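Participant: Coordinates only, no sequence provided:
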């Protein structure tokens, strides 16, 4: 495990490799020289305090956002050098599970899962039907194909969204806060699916989440992002036992620490109307 903010050693077989990533948005520095690798076939979690850029990192990896400096390679291709057509082709090999599931409310479960196939491929209806039912079977919801999103529980909606994310057999599957709002049963179902799908489909997975207990049960590796850098990285048990101020505060849930309780402000006494301070 590492608890430093120095460069992360490269991984020999990385599907995603980020080097020297620097990004500023709205005048705020988000990343200041981030290095990380996502190993093929593994489940890698990205964690960190709110507002540290976890979702922004996903936008970089999918080519939606260009960095101010640094390089991002996905399956050997440097995103900064790809044209529009090549970038879209790469995105079609990436599945994305949105935080709120993002199901199309006017479409049935079946049509939600079929949507990427109808949009991007010209397939016979019988083949679409077989693919969709196969993916719904994989998430345990083949019998719910006729239901509408309004008829689904939160856990079922998350599983339908997962079936849609894998319908085109992606090489990389990205989960953005997949555990939010799930009851214990639904959470265990989603955890089981993440593990099973990664193994049986040969996927590489990136997981952004805050729930350490859930992440520890499924992730092979964790990168902890804070203050624009990777401040810790390693296996879940290693990070839980980490002795740095960052890991103690984040995994211990401490209110104050490297991430301060007080937002930066001018002198308190001056704000209260005591120029020069209280005497």
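Facilitator: Yes, it's here. These figures come from a predicted structure and were not determined experimentally. Numbering: from 1, shown residues only.

Participant: Next, residue 38: secondary structure please.
Facilitator: Secondary structure state of residue 38, per DSSP: H, G, I helix; E, B strand; the rest coil, is strand.

Participant: Contact partners for it?
Facilitator: If a contact means Cβ atoms under 8 Å, 6 or more residues apart in numbering, then residue 38 has 11, 14, 15, 16, 17, 44, 172, 204, 206 as its contacts. All C-beta atoms are positioned from the backbone trio N, CA, C, and that covers glycine.

Participant: and the third one, how far is that from residue 160?
Facilitator: This points to residue 15. Computed as Cβ to Cβ, to the nearest Å, the residue 15 to residue 160 distance reads 26 Å.

Participant: Look at these two and report which has more neighbours.
Facilitator: Taking neighbours as other Cβ atoms under 10 Å, residue 15 and residue 160 compare with residue 160 leading, 26 against 23.

Participant: Isn't the more buried one up against residue 104?
Facilitator: No. Applying Cβ atoms under 8 Å as the test, residue 160 and residue 104 come out as separate, 10.4 Å apart.

Participant: mind showing which ranges of the protein have poor pLDDT?
Facilitator: Low-confidence regions of the chain, defined by pLDDT under 70, span residues 1-12, 242-265, 268-269, 273-279.

Participant: could you pull out the helices for it?
Facilitator: Remark: helices assigned in the chain by DSSP state H are 54-61, 84-91, 109-120, 125-138, 154-165, 184-200, 212-218, 236-240, 245-252, 268-271.

Participant: okay, the ones you listed in TSV with distance to residue 30 next?
Facilitator: TSV is the format used below for the helices of the chain (distance: least, Cβ to Cβ, whole Å):
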stretch	distance to residue 30
helix 54-61	6
helix 84-91	21
helix 109-120	30
helix 125-138	35
helix 154-165	26
helix 184-200	27
helix 212-218	22
helix 236-240	22
helix 245-252	17
helix 268-271	28
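
Participant: which of these is buried the deepest?
Facilitator: Among these, helix 154-165 has the highest mean neighbour count (mean count of other Cβ atoms under 10 Å), at a mean of 23.

Participant: So what angle separates the directions of that helix and helix 184-200?
Facilitator: Interaxial angle, helix 154-165 versus helix 184-200 (axes from the mean of the first three to the mean of the last three Cα atoms, to 10 degrees): 20 degrees.

Participant: rewinding a little: buried ones from the contacts of residue 38, can you make that a ChimeraX selection?
Facilitator: Buried subset of the contacts of residue 38, written as a ChimeraX selection, criterion 16 or more other Cβ atoms under 10 Å:
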select :11,14,15,16,17,44,172,204,206
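
Participant: on that earlier part again, can you tell me which of the helices of the chain is nearest to residue 22?
Facilitator: Residue 22 sits nearest to helix 54-61 of all these, at 10.8 Å, using Cβ to Cβ.

Participant: center of the protein - which residue?
Facilitator: By Cα atoms, centre = their mean, the chain has its centre lying nearest to residue 208, at 3.4 Å.

Participant: what's the spacing between that residue and residue 97?
Facilitator: Remark: distance between residue 208 and residue 97 (Cβ to Cβ) = 10 Å.

Participant: which residues are in contact with both of these two?
Facilitator: In terms of Cβ under 8 Å, 6+ apart, residue 208 and residue 97 are both contacted by the residues 174, 175, 176.

Participant: Adding neighbour count and distance to residue 168, write those out as TSV.
Facilitator: As requested, the shared contacts of residue 208 and residue 97 are exported to TSV (neighbours: other Cβ atoms under 10 Å; distance: Cβ to Cβ, whole Å):
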residue	neighbour count	distance to residue 168
174	23	14
175	27	16
176	19	18
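
Participant: Give the single residue among those positioned nearest to residue 84.
Facilitator: The closest of the shared contacts of residue 208 and residue 97, once distances to residue 84 are taken by Cβ to Cβ, is residue 174, at 20.7 Å.

Participant: Contacts only, for that closest one.
Facilitator: 58, 61, 62, 94, 95, 96, 97, 205, 206, 208.

Participant: Could you measure from it over to residue 60?
Facilitator: In terms of Cβ to Cβ, residue 174 sits 12 Å off from residue 60.

Participant: cool, residue 154 as well?
Facilitator: Distance, residue 154 to residue 60, by Cβ to Cβ: 29 Å.
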